[in-house]
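K.L.:
okay, sequence plus prediction incoming.
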Amino acid sequence: VVCSLQEYGSSASAQDLLKTIAALRQRCAATKEASGVFGELLRATVEDEKRPVQQRGVTLCLVTSPEKLQKELRAAEKGVSRCMQSSASDKNNKREWSSPMGSYFTAAPLNSDRVAFVYGDGASPYYGLGRNLNRLVPSLHEVVNEKTTDMWTEGDEAWYARQTDAESTRKTAARFADNTVDMFRSGVYHSVCHTEVARRVLGITPKAAFGLSMGEVAMLFAFSDANSKQSDEMTRRLRSSPVWTRELSVKFDALRKAWNIPAGAPVEDFWQGHVLHASRAQVEAGIARTGVQHVRLVIVNDDRTCIIAGKKDECATLIAHLNCKAGKIHQAMVGHCEVVAPLQKDVGQIHGMLETPQGALARGVELFTCVGNVPLRKMRHSTLSENIGALYTEVADFSKIVTTVADQGYDIFVELGAGDLRAAAIGNIL
């Protein structure tokens with residue numbers, strides 16, 4: 001449960017908050033159980049949400065339970081104190097604190113309704129994602145039945161654990177990481193579910209939305225019931241398309257043809273992914289200077305990190321030249337480079353049943369596309385399918401789309417889907 005402690009007014013400080021935390025800790029220590037204090041906090045939070053927005057000096061959100069309240073207050077006391085010390089030595093340092101439980105402190109809370117929903121790329125879903133989602137929000141069962149058709153007749157076993165032993169679970173998880181269709185299904189499914197939770201349960205109203213790579217497609221589902229009703233057709237096209245199951249993944253035939261790679265060559269020898277701690281400019285300059293012919297910059301995470309993919313030895317050459325930190329990652333699909341260009345029309349046709357979101361879910365929400373980094377209503381292509389085809393041929397530059405959205409005045413970003421990698425990247429970019 002989330003409880004908030006807030007000090008109002010321009011003169012409010014973290015010191016005031018520390019006094020409140022200390023008093024709460026003393027009360028918890030004086031009683032055998034903290035349920036009474038916890039209940040008071042919860043009631044105060046509910047009442048606070050009813051008040052008109054005021055100028056908040058500092059805010060602490062506690063994610064806790066009655067049993068863990070004392071422990072979380074102790075951690076918050078230390079965290080807020082460290083933030084105070086950092087701010088004292090550097091007035092421009094508005095340091096924030098968070099705990100493993102999810103509690104959060106900021107000395108400069110934002111009071112804005114300019115909320116943008118954010119959706120992650122196709123590699124972000126993982127095996128076991130959302131396994132507690134329906135238990136936490138049982139009403140999602142009806143939501144999924146209402147929004148989809150046959151997309152889930154195959155079941156959710158691809159990403160929900162139902163094995164009885166560790167070895168079976170490990171093998172199923174490994175298969176999931178290489179199954180681009182089920183990764184796509186999982187990404188879309190959880191984006192739709194999390195959007196529903198954010199809007200209906202948490203009461204968050206988005207004013208904008210955008211996504212990275214497959215996340216942009218997930219956005220199209222999340223803001224359109226009509227698109228969700230095409231989920232069965234989308235799955236059918238993905239499973240039957242040689243583009244998705246042979247050319248750009250699994251056998252990687254498009255890459256073998258473009259780079260003249262023998263049919264029997266192991267994929268890991270010619271399409272290996274790496275996260276580089278370097279900027280886009282540094283990576284592009286490094287590729288030009290080293291002359292590597294079979295390395296592609298595919299994703300720009302932020303101003304500090306990028307993802308490359310290509311031949312193993314040439315990736316090593318580039319990394320050595322840049323002399324930067326690098327980590328190997330799994331790349332189950334070719335995308336965001338010119339190798340996809342000959343198949344651009346085919347990729348568009350796979351998504352041809354989708355439409356630009358309209359109706360109640362999209363009303364009042366500015367949807368953005370990474371193709372040209374513009375509002376979707378101003379896309380440079382004549383059809384949505386053409387725009388999606390182009391999406392997979394260009395470098396996915398998350399930094400550019402975030403800057404574009406922020407420049408339009410949206411200053412609250414809520415990541416919906418798997419993990420928080422996009423939210424962390426936004427923190428680095430802005």
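P.N.:
Yep, it's here.

K.L.:
only C-alpha atoms from now on, for both contacts and neighbour counts.
P.N.:
Will do.

K.L.:
can you map out the strands along this protein?
P.N.:
2-8, 56-63, 97-98, 104-106, 115-119, 208-211, 272-276, 295-300, 306-310, 326-329, 366-369, 374-375, 396-397, 412-416 (DSSP state E).

K.L.:
for the fifth one, enumerate the helices and strands it packs against.
P.N.:
Okay, so that is strand 115-119. strand 208-211, helix 214-222, strand 412-416 (3 or more CA pairs under 8 Å, 6 or more residues apart in numbering; DSSP states H and E).

K.L.:
switch to 10 Å and redo it
P.N.:
In terms of contact count using 3 or more CA pairs under 10 Å, 6 or more residues apart in numbering; DSSP states H and E, strand 115-119 is assigned the packing partners helix 180-196, strand 208-211, helix 214-222, strand 366-369, helix 398-407, strand 412-416, helix 421-429.

K.L.:
make TSV out of the strands of the chain and add mean pLDDT and mean neighbour count.
P.N.:
Formatted as TSV, the entries for those read as follows, by pLDDT from 0 to 100; neighbours: other CA atoms under 10 Å:
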stretch	mean pLDDT	mean neighbour count
strand 2-8	54	18
strand 56-63	71	21
strand 97-98	86	18
strand 104-106	83	21
strand 115-119	97	24
strand 208-211	98	26
strand 272-276	97	22
strand 295-300	97	24
strand 306-310	97	24
strand 326-329	95	14
strand 366-369	98	22
strand 374-375	97	18
strand 396-397	96	24
strand 412-416	94	21
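
K.L.:
closest to residue 46 out of the ones you listed?
P.N.:
The minimum distance between residue 46 and those falls on strand 2-8, with 8.5 Å, by CA to CA.

K.L.:
the most centrally placed residue in the chain: what's it in contact with?
P.N.:
Centroid check for the chain by CA atoms, centre = their mean gives residue 120 as the closest residue, at 3.5 Å. Each residue near residue 120 by CA atoms under 10 Å, 6 or more residues apart in numbering is listed here: 187, 191, 210-216, 218-219, 398, 415-423.

K.L.:
report the buried members of those.
P.N.:
Neighbour counting over the contacts of residue 120 (16 or more other CA atoms under 10 Å) leaves 187, 191, 210-216, 218-219, 398, 415-418, 422-423 as the buried ones.

K.L.:
could you list the low-pLDDT ranges of the stretch 1-150 of the chain?
P.N.:
Per-residue confidence for the stretch 1-150 of the chain (pLDDT under 70) gives these ranges: 1-14, 32-33, 48-58, 87-94, 149-150.

K.L.:
before we move on, back to that, give me the nearest residue to the residue nearest to the centre of the chain, chain neighbours excluded.
P.N.:
Here the nearest residue to residue 120 in space, its sequence neighbours aside, is residue 215; by CA to CA, 6 or more residues apart in numbering that works out to 4.8 Å.

K.L.:
so the one you found is in contact with residue 185, correct?
P.N.:
No: distance between residue 215 and residue 185: 11.5 Å, which falls outside the contact criterion (CA atoms under 10 Å).

K.L.:
give me the common contacts of these two.
P.N.:
Common neighbours of residue 215 and residue 185 (CA under 10 Å, 6+ apart) are 122, 191.

K.L.:
out of the strands of the chain, which is closest to residue 260?
P.N.:
strand 306-310 (13.3 Å).

K.L.:
Provide the strand pairings for that closest one, with the direction of each partner.
P.N.:
Under the criterion DSSP bridges, strand 306-310 sits next to strand 272-276 (antiparallel), strand 295-300 (antiparallel) in its sheet.

K.L.:
relative orientation of that strand and helix 398-407 in degrees?
P.N.:
For strand 306-310 and helix 398-407, the angle between their directions (axes from the mean of the first three to the mean of the last three CA atoms, to 10 degrees) works out to 150 degrees.

K.L.:
off-centre distance for strand 306-310?
P.N.:
In terms of CA atoms, centre = their mean, to the nearest Å, the centre of strand 306-310 is set 19 Å apart from its chain centre.

K.L.:
also stretch 208-220?
P.N.:
Centroid separation for stretch 208-220 versus its chain: 10 Å, with CA atoms, centre = their mean.

K.L.:
go on, stretch 220-234?
P.N.:
How far stretch 220-234 lies from its chain's middle: 20 Å, per CA atoms, centre = their mean.

K.L.:
and that stretch, what's buried?
P.N.:
If you call a residue buried by 16+ other CA under 10 Å, then stretch 220-234 has these buried ones: 220-231, 233-234.

K.L.:
give me the mean pLDDT for it.
P.N.:
Across stretch 220-234, pLDDT averages out at 91.

K.L.:
so which of the strands paired with strand 306-310 comes closest to residue 322?
P.N.:
strand 272-276 (9.1 Å).

K.L.:
what's in contact with that closest one?
P.N.:
With CA under 10 Å, 6+ apart as the test, strand 272-276 has contacts from 283, 295-301, 304-316, 319, 322-332.

K.L.:
how about the residue lying closest to residue 404 once chain neighbours are set aside, what does it touch?
P.N.:
Computed as CA to CA, 6+ apart, the closest residue to residue 404 that is not its neighbour in sequence is residue 373, at 6.6 Å. With contact set as CA under 10 Å, 6+ apart, residue 373 has these partners: 210, 379, 397-398, 400-405.

K.L.:
could those residues go into TSV alongside distance to residue 142?
P.N.:
Rendered in TSV, the data for these read as follows (distance: CA to CA, whole Å):
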residue	distance to residue 142
210	26
379	34
397	36
398	34
400	37
401	34
402	33
403	37
404	36
405	33
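
K.L.:
tell me the one of those residues nearest residue 289?
P.N.:
Sorting these by how near they are to residue 289, with CA to CA, puts residue 397 at the top with 21.6 Å.

K.L.:
contacting residues for the closest residue to the closest one other than its chain neighbours?
P.N.:
Closest residue to residue 397 apart from its sequence neighbours, by CA to CA, 6+ apart: residue 300 at 4.6 Å. Residue 300 sits next to 212, 275-276, 278-280, 283, 306-308, 395-400, 425 when contact means CA under 10 Å, 6+ apart.

K.L.:
for this protein, what's the longest helix?
P.N.:
Longest helix in the chain by number of residues (criterion: DSSP state H): helix 69-89.

K.L.:
okay, and the beta partners of residue 274?
P.N.:
residue 308, residue 328.

K.L.:
picking that back up, quick one, which of the contacts of residue 373 are buried?
P.N.:
Under a neighbour-count criterion of 16+ other CA under 10 Å, the subset of the contacts of residue 373 counted as buried comprises 210, 379, 397-398, 400-402, 404-405.

K.L.:
tell me which of those residues is nearest to residue 389?
P.N.:
Out of those, the one with the shortest distance to residue 389 is residue 379. That distance is 12.5 Å, counting by CA to CA.

K.L.:
how near is that closest one to residue 122?
P.N.:
Note on residue 379: its distance to residue 122, by CA to CA, to the nearest Å, is 22 Å.
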